[in-house]
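Trainee: need coordinates for the below:
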Amino acid sequence: MTTAVMTRRPAWYWMILGFSLFLVLGGVMGLLYAVVKWGTPQGMITGAAALLAVLWGSYQGMRAVRALTGLSWGEQLLHLNAYLLLLFLYIPIVILVVYSFNASKRGAVWTGLTLHWYNVLFHDRAIGKAMEVTLWVGFWSTLISTIFGTLAALALERFPRFRGRLPFDAVLYLPIIIPDIVMAISTLLFFVVLGMPLSRYTILIAHVAFNISYVAVVVRARLADMDATLEEAAMDLGADEWRTFRFITLPLLMPGIVAGALMAFTLSLDDFVITFFVSGPGSTTLPVRVYSMIRLGVTPEVNAISALMLMGSISLLLLSLALQRR
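Mentor: Numbers count the residues shown, from 1 in each chain. Model prediction:
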């Protein structure tokens, strides 16, 4: 809808929309109060009035939105569903980040803004050790799984008729579809049967086991979208298979490889269930350390470390998604 059309809309539609939002918000607060006072005449009357305000405000607001934008009732409901879903997903995250700056030692009581808890984190040796183990496992598991995942994707996509392809393809997807607890227990039993002591190396092996699948899926999707005629043209011009792969296939495949590597690194940093089962003394990762901290209660220090982990994971994931779209 053009700006000219929007300017011809009556100004009272915006007033109706604002008043409708006021009714809905007031009704929601009234419903919360009615829940607290439920069973009393005051609570029953407040709840009925609040429910009426929410319904009437929603109806009038949707009419105003329809007049302003031209969206049908169904389109407005779809937009509303998307917005409510986003609020449901991200409001707890926003609250966690905000309370990481809380000056109070009690996480539920707000007393003011401070960076003290972040300073505590940077001087905590146990957290520093856990971060060192986490980054070590993440780096090496990403490197190994990226190499093997890329080779697996090339084998499945470029050599579709080799013997055992279907079972190999099915097994490759198992770490993605099976529950983490099942993979954690099976991995632990594997190390017990081998008599291998639990350490950072067992964590590394477990992370490589599930990261290979994610890298292979991402790289394989990139391979499927590539134009095979470019490789054929290079070979027609005299390039052998190695030179074609080095100068044509690999550069075109690199965004997918980097995206898969970033996803593998993110999954390795965030993994808790599998790591909790296969970690040993002196090999505690950051998620396991956070779990041990929250057993004593959620404090601003826990919120701070969770916020840092969240920001890092979201940044890596967004970068991975951006590279996949290139």
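Trainee: quick check: phi and psi at Ile127.
Mentor: In terms of degrees, to the nearest 10, the main-chain angles of Ile127 are phi -70, psi -40.
Trainee: can you show me the strands along the stretch 201-326 of the chain?
Mentor: Assigned strands in the stretch 201-326 of the chain: none (criterion: DSSP state E, counting those that start in this stretch).
Trainee: low-confidence stretches in the chain?
Mentor: The chain contains residues with pLDDT under 70 at 1-10, 106-110, 296-299, 320, 323-326.
Trainee: tell me the domain ranges of it?
Mentor: Using automatic domain parsing, the domains assigned to the chain come out as 3-71, 119-324.
Trainee: how about stretch 224-234: buried residues?
Mentor: Buried residues in stretch 224-234, counted by 16 or more other C-beta atoms under 10 Å: Glu231, Ala234. Any C-beta I mention is one placed from the backbone N, CA and C, and that applies to glycine too.
Trainee: ranking the domains of the chain by burial, who's on top?
Mentor: Counting by mean count of other C-beta atoms under 10 Å, domain 119-324 has the highest mean neighbour count of the domains of the chain, with a mean of 17.
Trainee: picking up where we left off before, I'd like to know which of the domains of the chain is closest to Tyr83.
Mentor: domain 3-71 (11.9 Å; C-beta to C-beta).
Trainee: go ahead and confirm Ala64 touches Leu21.
Mentor: No: the pair Ala64 / Leu21 is not scored as a contact, 9.7 Å apart, by C-beta atoms under 8 Å.
Trainee: would you list the domains of the chain in a markdown table and tack on distance to Pro92?
Mentor: Formatted as a markdown table, the domains of the chain follow (distance: least, C-beta to C-beta, whole Å):
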| stretch | distance to Pro92 |
| --- | --- |
| domain 3-71 | 17 |
| domain 119-324 | 11 |
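Trainee: quick one, which of those domains gets closest to Leu87.
Mentor: Between those, domain 3-71 lies closest to Leu87; by C-beta to C-beta that is 12.1 Å.
Trainee: show me the contacts for Ile305.
Mentor: Neighbouring residues of Ile305 by C-beta atoms under 8 Å, 6 or more residues apart in numbering: Leu121, Ile127, Leu286, Val290, Met293.
Trainee: distance check, the fourth one against Val273.
Mentor: In other words, Val290. Using C-beta to C-beta, to the nearest Å, one gets 13 Å for the distance from Val290 to Val273.
Trainee: kindly report the same for the third one.
Mentor: The gap separating Leu286 from Val273 is 14 Å, by C-beta to C-beta.
Trainee: again with the last one
Mentor: Per C-beta to C-beta, Met293 is found 17 Å from Val273.
Trainee: again, but for Ser199
Mentor: Ser199 is 18 Å from Val273, by C-beta to C-beta.
Trainee: how about Met226?
Mentor: In terms of C-beta to C-beta, Met226 sits 35 Å off from Val273.
Trainee: any idea where the strands of the stretch 1-150 of the chain begin and end?
Mentor: Assigned by DSSP E, counting those that start in this stretch, the stretch 1-150 of the chain shows no strands.
Trainee: can you show me the helices along it?
Mentor: For the stretch 1-150 of the chain, applying DSSP state H, counting those that start in this stretch gives helices covering 3-7, 12-36, 41-69, 73-99, 116-122, 125-158.
Trainee: the second one: how far from the chain's middle?
Mentor: Read that as helix 12-36. 32 Å (C-alpha atoms, centre = their mean, to the nearest Å).
Trainee: among the domains of the chain, which is nearest Leu113?
Mentor: Closest to Leu113 of the domains of the chain is domain 119-324 (C-beta to C-beta; 11.1 Å).
Trainee: can I get the helices of the stretch 1-150 of the chain in TSV with distance to Pro281?
Mentor: As requested, those are arranged in TSV below (distance: least, C-beta to C-beta, whole Å):
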stretch	distance to Pro281
helix 3-7	65
helix 12-36	48
helix 41-69	55
helix 73-99	30
helix 116-122	23
helix 125-158	12
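Trainee: which one of these lies nearest to Leu253?
Mentor: Among those, the nearest to Leu253 by C-beta to C-beta is helix 125-158 (7.6 Å).
Trainee: packing partners for the helix or strand following the closest one?
Mentor: Per DSSP states H and E, helix 125-158 leads on to helix 165-177 as the next helix or strand towards the C-terminus. Secondary-structure packing of helix 165-177 (3 or more C-beta pairs under 8 Å, 6 or more residues apart in numbering; DSSP states H and E): helix 125-158, helix 200-225.
Trainee: appreciated, that's everything.
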